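A.B. asks: Provided below are the primary sequence and the corresponding predicted coordinates.
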Amino acid sequence: MPADQKLYLRPSVVAQPLLHRWYAWPYLLAPHTGALNLRDRLLPIVDSYLKAPHIHESVTADPHRYGAPFLDPQGASHEDVQAVRDTMAKDGQAKLQLAEDIDQLRTLLRESALGGPMEPLYPQVPEALRGRVELVYDTAHRPSFRFFEPLMYTSMAYERHGQCVSLSPAPVPQPFVYSSPVLPTPERLDINLPFDSPLWDELFTARTTPVDVPQLAERLGIPDADTLNFAALFHDTPPAPHTPPPPGEVRVRYFNHATVLIETSTTSVLLDPLIGYTDDGHQHFTFDDLPAHIDAVVISHFHSDHFSLETLLQLRTRIGAILVPRASGGSLPDPSLKTMLHALGFPHVQELSELETHRINDHVEITALPFLGEHADLDIRTKMVPLVKSGGRTFLFATDITPLEPALYSNIPHLTTTPLDALFIGLECVGAPLNWLYGPLLESKLPRDHNAGRRLKGSNAAQADQLAQQLNAQHVYAYAMGLEPWLKHLTGSDYDPEAEPVKQAAVLTELSAQRGIGAELLRDQAERTWSTLGPTEL
């Protein structure tokens, strides 16, 4: 190519953020939760594989056991897996020490914080936590501690040296991200830069603005041996210009799972972005279908199918503000999304408390409603149900909630007295048990029946229909059920007509039809439009 030719990053290029070779999901990114997950989840999976690879190969060959904690090497040798294990232990030393120190602090409080003052215990706090925690009692005099979370990201346990982005020329099938590391392959180009580096913005801006590829390769530190592979990730074809809806129209595009874009001719709101790539064999919206500027990105909660660093990192320069739910303030199972995003290099992050509203202009606003369910009854507050008003239309995104207490929404002023244009609600009514996600964070194990009973589940059809009636929803959309095959490595599932959530979607459609209300299951890609309403029509 000519030396002065500027090129675009191909829309098929996959960019996966990795931490110690594992996909960077949120409870791994936070130093304190990441420490426990590294020690008690990730290393044991790798060690189990190294001891008995045949067992793991047998399980991963069974499609019905996809998502189980068994490693799929995807052709890597035993030595390759051992090398990754060695790197995890070496580069994760500070995290592993932090995990031990958290255990020691729990023991100290259990044995010594018996109702008396905490002051004598501070000198006994383990080294990795000194000056980074507050020791407290609750009102029943039970001891606990909370993290000063911004200080955890300045500690050695926030291992920026373990961060990299792995580039692939096109999407390929992958194992489940909670069960297998992303092992090096000749097709992957791994760039070892921390996630907060502005150089990532230069790379991902190339999706819409051409760049000088050799100069960018030099700035990114691409070795000479990899420059041809890096150059192959670019081409000279500009993306098609984004076309917003015409004036007088509100357009809602379903990208996949819980990712929905709401646009007027002048504004855009993107919810729970988890964007797919081209050339994966499926028809769906991609990065090319996003506007050049997104006024607000809304994250409903902390789970990895709703908070995707992979997507957010590629959109960092295009986002006006990221709206996240307010965290509890330093508890172990409830890290702050705002603090994490700041550490990851996102400057414009706003927390929304329950019933707090962010206004983009006079016609578009986002309100955080309370979120019940799906978190296995843990005290996790980093969650919200976004209520989006755009062009006079109102949309509620109930993602993974379980409407355990119908009185909740009746207590919110005007919510049940004004018609709702559309209710989007998840029907993952089975869900995984508590230990599946939160096991490494628990101080002690639960009895099997309690662990199985406390599930990460959403609504069933009857609950969703009851909520739709309560909110006077004019349309109902079942979504956020992990049905898209290109997201299977992130959601752990894909479309199965015999799966209970899919069956519940059919029941919901029938229940809604009996009331004269349209309902449908959203899958792969969809677009719906509403006319805007002026003040006199509201």
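C.D. replies: In hand now; what should we look at? None of these values were measured; they are calculated from a predicted model.

A.B. asks: just give me the neighbour total for residue 47.
C.D. replies: Using other CB atoms under 10 Å, residue 47 is surrounded by 12 other residues. Quick note: C-beta positions are derived from backbone N, CA and C, even for glycine.

A.B. asks: need the pLDDT of the most centrally placed residue in the chain.
C.D. replies: Compute the mean C-alpha point of the chain, and by CA atoms, centre = their mean the closest residue is residue 307, 1.9 Å away. We have a pLDDT of 97 for residue 307.

A.B. asks: and for residue 329?
C.D. replies: Model confidence at residue 329, given as pLDDT, is 88.

A.B. asks: list the contacts for it?
C.D. replies: 146, 336 (CB atoms under 8 Å, 6 or more residues apart in numbering).

A.B. asks: mind doing that once more with 7 Å?
C.D. replies: For residue 329, the contact set (CB atoms under 7 Å, 6 or more residues apart in numbering) comprises residue 146.

A.B. asks: cool, and residue 102?
C.D. replies: 32, 35, 36.

A.B. asks: average model confidence for the one helix or strand it maps to?
C.D. replies: According to DSSP states H and E, residue 102 maps onto helix 93-112. In this model, helix 93-112 carries a mean pLDDT of 98.

A.B. asks: again, but for stretch 144-160
C.D. replies: On average, stretch 144-160 scores 97.

A.B. asks: same check on stretch 519-537?
C.D. replies: 87.

A.B. asks: distance from the chain centre to that stretch, please.
C.D. replies: Distance, stretch centre to chain centre, for stretch 519-537: 25 Å (CA atoms, centre = their mean, to the nearest Å).

A.B. asks: and it, what's buried?
C.D. replies: By neighbour count with 16 or more other CB atoms under 10 Å, stretch 519-537 contains the buried residues 519, 520, 521, 522, 523, 524, 525, 526, 528, 530, 532, 533.

A.B. asks: same thing with stretch 313-324?
C.D. replies: By 16+ other CB under 10 Å, the buried positions in stretch 313-324 come out as 313, 314, 315, 316, 318, 319, 321, 322, 323, 324.

A.B. asks: can you tell me the element the last one falls in?
C.D. replies: Under the criterion DSSP H and E, the helix or strand holding residue 324 is strand 319-325.

A.B. asks: how far does that strand sit from the chain's center?
C.D. replies: 14 Å.

A.B. asks: within the sheet, what are the partner strands of that strand, with directions?
C.D. replies: Strand pairing for strand 319-325, using DSSP bridges, gives strand 294-298 (parallel), strand 349-352 (parallel).

A.B. asks: residues in contact with the shortest one?
C.D. replies: The list of residues contacting strand 349-352 from outside it, by CB under 7 Å, 6+ apart, reads 321, 322, 323, 324, 325, 326, 338, 341, 342, 358, 368, 384.

A.B. asks: the second one is in contact with residue 297, isn't it?
C.D. replies: Yes. Distance between residue 322 and residue 297: 4.8 Å, which falls inside the contact criterion (CB atoms under 7 Å).

A.B. asks: overlap in contacts, these two.
C.D. replies: Common contacts of residue 322 and residue 297 (CB under 7 Å, 6+ apart): none found.

A.B. asks: for the nearest residue to residue 263 once chain neighbours are set aside, give its distance to residue 394.
C.D. replies: The shortest distance from residue 263 to any non-neighbouring residue, by CB to CB, 6 or more residues apart in numbering, is to residue 251 (4.8 Å). As for residue 251, its distance to residue 394 is 15 Å (criterion: CB to CB, to the nearest Å).

A.B. asks: please apply the same query to residue 177.
C.D. replies: Counting by CB to CB, the gap from residue 177 to residue 394 is 35 Å.

A.B. asks: again, but for residue 463
C.D. replies: 21 Å.

A.B. asks: in stretch 501-509, what counts as buried?
C.D. replies: Neighbour-count burial for stretch 501-509 flags 501, 502, 503, 504, 505, 507, 508, 509 (criterion: 16+ other CB under 10 Å).

A.B. asks: so what touches that stretch?
C.D. replies: 427-430, 460-461, 464-465, 476, 478, 481, 496, 519-521.

A.B. asks: closest one of these to residue 157?
C.D. replies: Distance to residue 157, by CB to CB, is smallest for residue 428 among the contacts of stretch 501-509, at 32.4 Å.

A.B. asks: which parts of the helix holding residue 102 are buried?
C.D. replies: Of all the residues in helix 93-112, those buried under the rule 16+ other CB under 10 Å are 94-99, 101-102, 104-106, 108-109.

A.B. asks: before we move on, the earlier item: okay, the strands paired with strand 319-325, which one's buried deepest?
C.D. replies: strand 294-298 (a mean of 23; mean count of other CB atoms under 10 Å).

A.B. asks: how far is the helix or strand just after that strand from where the chain is centred?
C.D. replies: On the C-terminal side of strand 294-298, the nearest following helix or strand under DSSP H and E is helix 309-315. In terms of CA atoms, centre = their mean, the gap separating the centre of helix 309-315 from the centre of its chain is 10 Å.

A.B. asks: ok, residues contacting helix 309-315?
C.D. replies: Outside helix 309-315, the residues touching it (CB under 7 Å, 6+ apart) are 15-17, 24, 29, 195, 200, 204, 273-275, 287, 294, 344.

A.B. asks: got the buried residues for stretch 260-278?
C.D. replies: Within stretch 260-278, the residues that count as buried by 16+ other CB under 10 Å are 260-264, 267-277.

A.B. asks: for it, how far is the first residue from the last?
C.D. replies: Length of stretch 260-278, first residue to last, CA to CA, to the nearest Å: 18 Å.

A.B. asks: ok, and what's touching the next helix or strand after the helix holding residue 102?
C.D. replies: Note on helix 93-112: by DSSP H and E, the next helix or strand toward the C-terminus is strand 133-137. Outside strand 133-137, the residues that touch it by CB under 7 Å, 6+ apart are 109, 113, 118, 121, 122, 125, 143, 144, 145, 146, 147, 148.

A.B. asks: how far away is the nearest residue to residue 172 once chain neighbours are set aside from residue 84?
C.D. replies: Distances taken as CB to CB, 6+ apart place residue 187 nearest to residue 172, at 7.5 Å, with adjacent residues excluded. Distance, residue 187 to residue 84, by CB to CB: 17 Å.

A.B. asks: one more: residue 478?
C.D. replies: Residue 478 is 39 Å from residue 84, by CB to CB.

A.B. asks: where exactly do the strands run in the stretch 351-500 of the chain?
C.D. replies: 357-361, 364-369, 385-390, 393-397, 422-426, 432-433, 455-456, 475-479 (DSSP state E, counting those that start in this stretch).

A.B. asks: may I have the last one as CSV, with CA atoms only?
C.D. replies: Written as CSV, here are the backbone C-alpha positions of strand 475-479 (Å, rounded to 0.1, in the frame of the first residue of the first chain):
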residue,chain,number,x,y,z
HIS,A,475,-46.3,-3.3,23.6
VAL,A,476,-44.3,-6.0,25.4
TYR,A,477,-41.0,-7.4,24.2
ALA,A,478,-39.2,-10.4,25.6
TYR,A,479,-35.5,-10.0,25.3
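
A.B. asks: who's in contact with that strand?
C.D. replies: 254, 258, 421-427, 464, 468, 505, 508, 512, 517-522.
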